[in-house]
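**Student:** Have a look at this fold, sequence not included:
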């Protein structure tokens with residue numbers, strides 16, 4: 001059986017391409033309520049950054065595991081200097097993931113909530129109100 005492994009980075013690229021219409025509709029909906037359309041897109045930047053930092057954390061963690069499994073320093077990095085470099089990097093990138101996820105959730109909630117608000121009556125600076133039927 002053939003297995004196909006695709007990096008999460010490629011999944012992120014595909015998801016971004018497929019989600020572009022969603023971003024456009026969300027931005028248009030926020031503009032209909034008088035808000036800025038970029039508020040629908042901005043939280044997803046934090047989501048993408050969280051995925052990239054997660055990959056970085058996985059890399060640092062794997063490097064640390066390999067370093068501790070190497071008995072001979074000539075065969076790979078090990079020792080106190082190795083731990084002093086990669087352990088803080090692993091911790092910092094893990095904290096970055098948590099911060100990005102919290103920022104994503106705190107920014108996406110108002111955008112979703114704003115989609116439940118009725119449009120402004122009459123035309124706004126972005127055009128006519130799509131919920132009003134011309135008579």
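**Tutor:** It's in. Since the model is a prediction, treat every value here as computed from it, not as a measurement. Numbering: from 1, shown residues only.

**Student:** mind listing the helices for the protein?
**Tutor:** Remark: helices assigned in the chain by DSSP state H are 8-32, 42-69, 80-114.

**Student:** Now tabulate the ones you listed in TSV and tack on mean pLDDT and mean neighbour count.
**Tutor:** C-beta: built from backbone N, CA, C; applies to glycine. Putting those into TSV (pLDDT from 0 to 100; neighbours: other CB atoms under 10 Å) gives the following:
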stretch	mean pLDDT	mean neighbour count
helix 8-32	81	14
helix 42-69	82	16
helix 80-114	84	14
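
**Student:** now these in a markdown table, with distance to residue 125?
**Tutor:** Rendered in a markdown table, the data for the helices of the chain read as follows (distance: least, CB to CB, whole Å):
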| stretch | distance to residue 125 |
| --- | --- |
| helix 8-32 | 8 |
| helix 42-69 | 20 |
| helix 80-114 | 17 |
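
**Student:** Go through those and name the closest to residue 126.
**Tutor:** Each of those was scored for nearness to residue 126 using CB to CB, and the closest is helix 8-32 (4.5 Å).

**Student:** Identify all contacting residues around that closest one.
**Tutor:** Contacts of helix 8-32 with the rest of the structure, by CB atoms under 8 Å, 6 or more residues apart in numbering, involve 36-41, 44, 48, 51-52, 54-55, 111, 114-115, 119-120, 124, 126, 129-131.

**Student:** The spatially most central residue of the chain: what's its closest spatial neighbour, skipping adjacent residues?
**Tutor:** Among the residues of the chain, the one closest to the centroid is residue 47, at 1.4 Å (CA atoms, centre = their mean). Of all residues beyond its chain neighbours, the one nearest residue 47 is residue 104 (4.7 Å), with distances taken as CB to CB, 6 or more residues apart in numbering.

**Student:** these two touch, right, that neighbour and residue 50?
**Tutor:** Yes - under the contact definition of CB atoms under 8 Å, residue 104 touches residue 50, with a separation of 6.5 Å.
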